[in-house]
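> Generate a structure from the sequence data that follows.
(one chain, ligands or ions: 1)
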Amino acid sequence: MGSADSSKIVPYRGRIAPSPTGYLHVGHARTFFTAWQRAHDAGGALVLRMEDLDRERSRSVYTEAAIEDLRWLGMDWQEGPDVGGPYAPYMQSERGALYRAAWRALVERGFLFPCRCSRKDLAAAVSAPHEADAVDDESLYPGTCRAALPLRGAGLWTGDEAGGVSWRFRVPDGEAIEFVDANLGPQRFVAGADFGDFLVWRKDDVASYQLACVVDDAAMHITEVVRGADLLKSTARQILLNRALGYENPAWFHCALVVDAGGRRLAKRHDALSVRTLRERGARAEEILEEA
Ligand code: GLU
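Presented below is the predicted three-dimensional model:
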């Protein structure tokens, strides 16, 4: 019963995916540590991937600092920008051709529509939504540019370049996206209500966080994604992208968020709570990981 042919057992592959837009924060550190632990306990591999698509905010000094802080906290990884590996490069800024191919496939299959809406907050779309300042999430798209277009598969576009407009995923309104989270249990988000037509490609010709993430998780054969609970709705969006691209879903494990004494979520910007600052003040790795 259930004794699958051992040749079919897929070895665990996890990943940690920091965005080098600031020093590593305690909240991230704890999520990454959980990812490390789960890969370690499963006897699997861990991939370090740098999510440095946000050209304005990403800095190589933060990439180096993240690698150093993660090692100082006691983590190691089998693949990454510093150690190489079979799915290199591990810097998203060097993986643009893969994202573009996926974008093209989505356009050809009629899942996307071009959007000319000017959005001041477009910059947020390239990062995981939890990194946006006050907003936790991409807001519901009002549907302006979607309404102007023909239906799926109707040949929306035939050119060769993505630039000049942004591109959104036309979500199946009313469909419930359900998954069982390995930590938080059953989850359910309704497309068009809990989240709307989300960005896949930015006007400045860069893949969005959502697209780059699914392309990389598939290409790197990630079997379980461990991330913060603030990204639950992103997971729902990514399930739609995986389906559209014909990728298998990994397992999902969302970590509860680290909150301060007042119950407020700790933001990356609170420099006082960067791993760096705490280290400089003499904190030990165990204290940072346990007490946060
Ligand atoms: N780059 C995101 C971060 O810094 C992680 C996104 C993810 O795990 O999918 O938290």
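
> what does the protein have sitting close to the ligand?
Contact residues (Cβ under 6 Å from any ligand atom) of the chain with the ligand: 17, 18, 19, 28, 51, 128, 213, 227, 231. For the C-beta atoms, the positions are set from N, CA and C on the backbone; glycine is no exception.

> Once you drop chain neighbours, what's closest to the most centrally placed residue in the chain?
Centrality entry for the chain: nearest residue to the mean C-alpha point is residue 213, 4.7 Å, by Cα atoms, centre = their mean. Closest residue to residue 213 apart from its sequence neighbours, by Cβ to Cβ, 6 or more residues apart in numbering: residue 238 at 6.3 Å.

> doesn't residue 214 make contact with that neighbour?
Yes - contact criterion Cβ atoms under 8 Å: residue 238 and residue 214 qualify, at 5.0 Å.

> if we can go back for a sec, ok, the residue nearest to the centre of the chain touching residue 17?
Yes - here residue 213 lies in contact with residue 17, judged by Cβ under 8 Å, at a distance of 7.4 Å.

> any common contacting residues for those two?
Shared contacts of residue 213 and residue 17, defined by Cβ atoms under 8 Å, 6 or more residues apart in numbering, are found at residue 51.

> isn't residue 275 right up against residue 73?
Yes - using Cβ under 8 Å, residue 275 is in contact with residue 73, at 6.9 Å.

> between the two, which one's more packed in?
Neighbours per residue (other Cβ atoms under 10 Å) separate residue 275 from residue 73, with residue 275 holding more: 24 against 19.

> For that one, report the pLDDT, please.
Here, the pLDDT recorded for residue 275 equals 95.

> same thing with residue 160?
Looking at residue 160, its pLDDT is 50.

> Check residue 157 too.
Looking at residue 157, its pLDDT reads 52.

> Just give the nearest non-adjacent residue to residue 255, would you?
Leaving aside its sequence neighbours, residue 255 sits nearest to residue 31 (Cβ to Cβ, 6+ apart; 4.7 Å).

> Count the neighbours of residue 164 for me.
Residue 164, neighbours per other Cβ under 10 Å, totals 11.

> can you pull the contacts of it?
So residue 164 contacts 203, 205 (Cβ under 8 Å, 6+ apart).

> Confirm that it sits in a helix.
No - Residue 164 is assigned coil when assessed by DSSP: H, G, I helix; E, B strand; the rest coil, not a helix.

> How about the stretch 151-292 of the chain: which residue is closest to the ligand?
Nearest residue of the stretch 151-292 of the chain to the ligand: residue 227, at 3.6 Å (Cβ to the nearest ligand atom).

> just checking, that residue is part of a strand?
Yes - according to three-state DSSP, residue 227 belongs to a strand.

> ok, it - contacts?
Here residue 227 is in contact with 17, 31, 128, 235, 252, 253, 254, 255 (criterion: Cβ under 8 Å, 6+ apart).

> ok, so of those, who is nearest residue 183?
Proximity of those to residue 183 (Cβ to Cβ) peaks at residue 253, which lies at 4.9 Å.

> can I assume that closest one sits in a strand?
Yes - counting by three-state DSSP, residue 253 is located in a strand.

> How about the contacts made by it?
By Cβ under 8 Å, 6+ apart, the residues touching residue 253 are 34, 38, 181, 182, 183, 224, 225, 226, 227.

> which residues touch stretch 59-66?
Contact with stretch 59-66 is made by 18, 20, 21, 22, 23, 24, 50, 52, 81, 91, 276, as judged by Cβ under 8 Å, 6+ apart.

> Okay, helices next: where are they in the chain?
For the chain, the helices defined by DSSP state H cover 26-41, 60-72, 96-108, 144-147, 209-219, 232-245, 275-280, 285-290.
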